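[1] 3D model of this:
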Amino acid sequence: MAWADEVASRTMPDSVVWCDGSDEEYRSFVGQMLKDGTLIELDQGKYPNCYLHRSNPDDVARTEASTFVCTPNKTDAGPNNNWMDSREGEDRLWRIFDKCMVGRTMYMVPYLLGPRGSPYSQAGVEITDSLYVVASLRIMTRMGSVALRRLKDSDDFVRGIHSTGTMNRSLRYICHFPDAKLIMSINSNYGGNALLSKKSHSLRIASVTAKAEGWLAEHMLIIGIEDGSGRLTYVSGAFPSASGKTNLAMLKPPPSLSDLKVWLLGDDIAWLHLSPDARLYAINPEVGFFCVASNSSEKTNPNLLEAIRKNTIFTNVALTAERTPWWDAQPPAPSIRDWQGRMWKAGGAPAAHPNSRFTVPIHQYPMLSPKSDDPQGVPVSAFLFGGRRSELVPLVHEAFSWEHGVLIGAMMKVETTAAADGVVGRLREDPMAMIPFCGYNMGDYFRHWLSFSRKSKKLPRIFQVNWFRRSKDGGFLWPGYGENLRVLKWIVGRINGEAEAVETPIGYVPAPGSLDLNGLDLPRGAIEELLYVDREGWIKEVRSSERFFKTFGDRLPKTLWREYWKLIAKLQR
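    Prediction:
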């Protein structure tokens with residue numbers, strides 16, 4: 001309350017509302033937003049309790065250039081982050097926040113990340129003047145009194161301050177102060193810039209806490225794979241943007257693999273702690289999805305399409321005359337208004353913004369794991385690293401050791417897509433899919449990962465996967481989507497000592513006949529090409545990471561360099 005008073009004395013709101021997270025409160029807030037035009041009501045018969053939000057056209061995505069980690073020492077933030085001195089950052093942001101809520105209501109939003117009663121959960125409070133943010137946090141987090149009960153009289157919570165400000169792009173900042181567990185965001189109302197529980201708390205701030213306390217805060221999905229006997233194997237995986245992460249998390253088995261089930265625990269973020277049995281257990285800190293609409297269809301993600309039929313906020317999708325949401329992967333519809341409300345004709349710019357989103361409660365997902373709310377989490381047996389790569393990287397290979405697996409994750413690169421930054425096919429470094437989200441120097445981050453081999457002999461096996469390899473004629477060699485379960489089946493077999501592999505210089509690949517290809521009509525020679533390891537190409541691949549590694553100087557651990565040169569030697573034999 002003292003903190004609320006301090007912020008209010010600087011931002012000068014007309015009133016302050018403490019949010020309790022109740023259904024009645026949510027309905028009241030939705031009513032206010034329908035009245036002022038922040039939300040548009042969809043057809044309540046077809047999409048009950050669903051609404052459309054159109055954001056400012058200049059505020060449609062995360063803005064990495066405006067995102068800073070603020071520490072006293074620049075080296076602690078690392079070359080992977082934009083840096084600002086912590087004292088300078090607070091002074092600059094408070095000047096912009098000065099009187100920014102005059103004429104507005106300031107909402108105090110307490111939230112809990114992680115299951116109720118979990119020793120691994122964390123409390124946060126976001127102060128905001130955006131009801132859209134409040135409603136989204138109600139879907140994405142355990143919000144309101146549950147968080148205050150967890151917090152009690154403790155002062156240990158993550159503080160988030162957000163204002164839509166004037167929406168002046170030149171004064172848009174999302175600043176993180178790990179030492180103070182403080183996040184300050186202004187002049188944006190978009191997703192990850194404004195929902196401060198999302199990437200800002202659960203990754204940028206939490207990753208720093210995780211390093212200090214000996215656990216992992218990762219940009220990872222969590223799924224459980226159940227075989228015909230009822231045996232469950234839990235897998236976590238890191239995938240950069242446009243690399244199939246959501247579709248893998250929400251995978252629906254094809255008919256030929258109907259004896260398998262894929263249970264979802266999380267599609268985006270995993271917090272992993274070593275338990276007394278020396279295994280890494282994962283919880284999903286969130287209770288909602290914030291998914292990209294583009295490319296979501298009955299073919300790519302039927303389970304997600306089922307989940308969004310109620311209680312969902314759609315952001316920047318198109319709108320049909322029947323007041324139903326529409327985006328370009330949907331069947332054709334007459335009379336469509338685009339994401340800015342303009343009449344749309346096929347053949348022009350996309351009707352829905354390429355970064356349009358769904359915000360949907362996780363409990364509506366049809367294959368949600370019964371363990372999704374387990375306070376202890378689930379034991380993870382494998383980590384997957386996978387980026388979009390049209391060449392070189394095999395369909396799947398397994399690391400020789402934990403240290404080799406960390407090197408695989410550290411060297412991970414992904415091909416850019418037009419939706420990402422307007423350039424197609426350029427390789428960018430994205431180790432562990434954490435480049436935009438690690439709240440400290442990634443040299444220290446790699447060291448932290450490596451330290452786990454000294455703490456446990458029961459760590460997850462590490463694999464690299466690639467669904468996007470293309471043939472010489474440009475077509476995809478692997479069908480992807482539900483068929484990716486065949487690769488997961490082999491991975492589960494490796495974990496349980498049931499699947500055979502062949503050693504290559506970069507790791508173990510499936511032995512001939514060990515991948516279940518029954519019912520799959522692949523072109524002749526496709527599987528051999530998918531698993532082929534090009535030594536010369538891999539030497540270039542590994543050496544291309546050298547310049548990136550050197551940017552971390554003496555912060556990059558010597559163990560990683562040893563693994564690097566060991567891999568070069570294997571490839572040159």
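
[2] Excluding covalently adjacent residues, which one is nearest to His53?
    Distances taken as Cβ to Cβ, 6 or more residues apart in numbering place Thr315 nearest to His53, at 4.8 Å, with adjacent residues excluded. For every residue, glycine as well, the C-beta is placed using N, CA and C.

[3] What of Val146?
    Sequence neighbours aside, Leu112 is the residue nearest to Val146 in space, at 5.5 Å (criterion: Cβ to Cβ, 6+ apart).

[4] what's the helix or strand encompassing the one you found packed up against?
    For Leu112, the element it lies in under DSSP states H and E is strand 105-113. Contacts defined by 3 or more Cβ pairs under 8 Å, 6 or more residues apart in numbering; DSSP states H and E place strand 105-113 against helix 2-11, strand 15-18, strand 122-128, helix 131-140, strand 142-143, helix 145-151.

[5] quick one: contacts for Ala175?
    Just to correct that, residue 175 is Cys rather than Ala. Residues near Cys175 by Cβ atoms under 8 Å, 6 or more residues apart in numbering: 67-70, 84, 89, 93, 183-185.

[6] can you check Ser335 too?
    By Cβ under 8 Å, 6+ apart, the neighbours of Ser335 are 320-321, 343.

[7] Adding mean pLDDT, distance to Ser236 and mean neighbour count, write the helices and strands packed on strand 105-113 out as CSV.
    Below are those laid out as CSV (pLDDT from 0 to 100; distance: least, Cβ to Cβ, whole Å; neighbours: other Cβ atoms under 10 Å):
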stretch, mean pLDDT, distance to Ser236, mean neighbour count
helix 2-11, 97, 34, 13
strand 15-18, 98, 36, 14
strand 122-128, 98, 19, 25
helix 131-140, 98, 20, 24
strand 142-143, 98, 21, 26
helix 145-151, 94, 25, 18
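
[8] Let me know which of the ones you listed is the nearest to Lys99.
    helix 2-11 (6.8 Å; Cβ to Cβ).

[9] and the closest one, what other elements does it pack with?
    Applying 3+ Cβ pairs under 8 Å, 6+ apart, we find helix 2-11 packed against helix 86-97, strand 105-113, strand 122-128, strand 158-163.

[10] orientation of that helix relative to strand 105-113 in degrees?
    Taking axes from the mean of the first three to the mean of the last three Cα atoms, to 10 degrees, one finds helix 2-11 and strand 105-113 inclined to each other by 140 degrees.

[11] Distance from helix 2-11 to the middle of the chain?
    32 Å (Cα atoms, centre = their mean, to the nearest Å).

[12] Ok, stretch 150-157 next?
    So, by Cα atoms, centre = their mean, the centroid of stretch 150-157 is 27 Å from its chain's centroid.

[13] From the contacts of Cys175, which land in helices?
    Among the contacts of Cys175, the members falling in helices (DSSP state H) are 89, 93.

[14] among the contacts of Cys175, who's most crowded?
    The most crowded member of the contacts of Cys175, judged by other Cβ atoms under 10 Å, is Ser185 (29 neighbours).

[15] so what's it bridging to?
    Beta-bridge partners of Ser185, counted by DSSP bridges, are His162, Ile174.

[16] As CSV, the helices and strands packed on strand 105-113 with distance to Ser256 would be great.
    Output for the helices and strands packed on strand 105-113, formatted as CSV (distance: least, Cβ to Cβ, whole Å):
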stretch, distance to Ser256
helix 2-11, 56
strand 15-18, 53
strand 122-128, 42
helix 131-140, 35
strand 142-143, 39
helix 145-151, 43
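
[17] and of the ones you listed, who's closest to Arg27?
    Among these, helix 131-140 comes nearest to Arg27, with 10.4 Å by Cβ to Cβ.

[18] residues touching the residue nearest to His53, list them.
    Thr315 sits next to 52-55, 191, 356-359 when contact means Cβ under 8 Å, 6+ apart.

[19] so which one among the residues you listed has the lowest pLDDT?
    Minimum pLDDT for the contacts of Thr315 is recorded at Gly191 (93).

[20] Show the end-to-end separation of stretch 389-396, please.
    End-to-end distance of stretch 389-396: 12 Å, with Cα to Cα, to the nearest Å as the criterion.

[21] what's it in contact with?
    For stretch 389-396, the external contacting residues (Cβ under 8 Å, 6+ apart) are 387, 413-415, 425, 463-470, 477-478, 487, 490-491, 506, 509-510, 527, 530-534, 537-538, 541.

[22] In strands, which of those fall?
    Among the contacts of stretch 389-396, the subset assigned to strands under DSSP state E consists of 413-415, 463-465, 509-510.

[23] neighbours around the residue nearest to Val146, how many?
    Using other Cβ under 10 Å, Leu112 has 26 neighbouring residues.

[24] Enumerate the beta-bridge partners assigned to it.
    As for beta bridges, Leu112 partners with Ala123, Arg142 under DSSP bridges.

[25] Model confidence for it, exactly?
    At Leu112, pLDDT is 98.

[26] then stretch 371-388 to PDB, C-alphas only?
    This file holds the C-alpha atoms of stretch 371-388, laid out as PDB (Å, rounded to 0.1, in the frame of the first residue of the first chain):
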ATOM      1  CA  LYS A 371      -0.700 -32.200 -13.400                       C
ATOM      2  CA  SER A 372      -0.900 -28.600 -14.700                       C
ATOM      3  CA  ASP A 373      -1.600 -27.200 -11.200                       C
ATOM      4  CA  ASP A 374       0.700 -29.600  -9.300                       C
ATOM      5  CA  PRO A 375       2.600 -27.400  -6.800                       C
ATOM      6  CA  GLN A 376       5.800 -29.600  -7.200                       C
ATOM      7  CA  GLY A 377       5.600 -29.600 -11.000                       C
ATOM      8  CA  VAL A 378       6.500 -32.600 -13.200                       C
ATOM      9  CA  PRO A 379       9.900 -34.400 -13.700                       C
ATOM     10  CA  VAL A 380      11.400 -33.400 -17.100                       C
ATOM     11  CA  SER A 381      13.300 -36.200 -18.900                       C
ATOM     12  CA  ALA A 382      14.300 -34.300 -22.100                       C
ATOM     13  CA  PHE A 383      15.100 -30.800 -23.300                       C
ATOM     14  CA  LEU A 384      14.500 -30.000 -27.000                       C
ATOM     15  CA  PHE A 385      16.200 -27.100 -28.800                       C
ATOM     16  CA  GLY A 386      14.800 -26.300 -32.300                       C
ATOM     17  CA  GLY A 387      14.900 -23.400 -34.700                       C
ATOM     18  CA  ARG A 388      13.700 -23.000 -38.200                       C
END
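
[27] tell me the mean pLDDT for it?
    For stretch 371-388, the per-residue pLDDT averages 98.

[28] can you tell me which residues contact the closest residue to Pro178 other than its chain neighbours?
    Distance criterion Cβ to Cβ, 6+ apart; nearest residue to Pro178, sequence neighbours excluded, is Val208 at 4.0 Å. Going by Cβ under 8 Å, 6+ apart, Val208 touches 178, 439-440.

[29] now Tyr120
    With Cβ under 8 Å, 6+ apart, Tyr120 has these contacts: 114, 215, 271, 273, 283, 375, 377.

[30] One more pass at 7 Å, please.
    Shown in contact with Tyr120 (Cβ atoms under 7 Å, 6 or more residues apart in numbering): 114, 271, 273, 283.

[31] again with Leu93
    By Cβ under 7 Å, 6+ apart, the contact set of Leu93 is 173, 175, 184, 186.

[32] ok, those vs Leu517, which is closest?
    Cys175 (50.3 Å).

[33] And that closest one, how far from Leu257?
    Per Cβ to Cβ, to the nearest Å, Cys175 is found 47 Å from Leu257.

[34] quick revisit: could I get the contacts of Cys175 as a markdown table with distance to Gly224 and pLDDT?
    As requested, the contacts of Cys175 are exported to a markdown table (distance: Cβ to Cβ, whole Å; pLDDT from 0 to 100):
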| residue | distance to Gly224 | pLDDT |
| --- | --- | --- |
| Thr67 | 33 | 98 |
| Phe68 | 37 | 98 |
| Val69 | 34 | 98 |
| Cys70 | 38 | 98 |
| Met84 | 41 | 98 |
| Gly89 | 41 | 98 |
| Leu93 | 42 | 98 |
| Ile183 | 32 | 98 |
| Met184 | 38 | 98 |
| Ser185 | 34 | 98 |
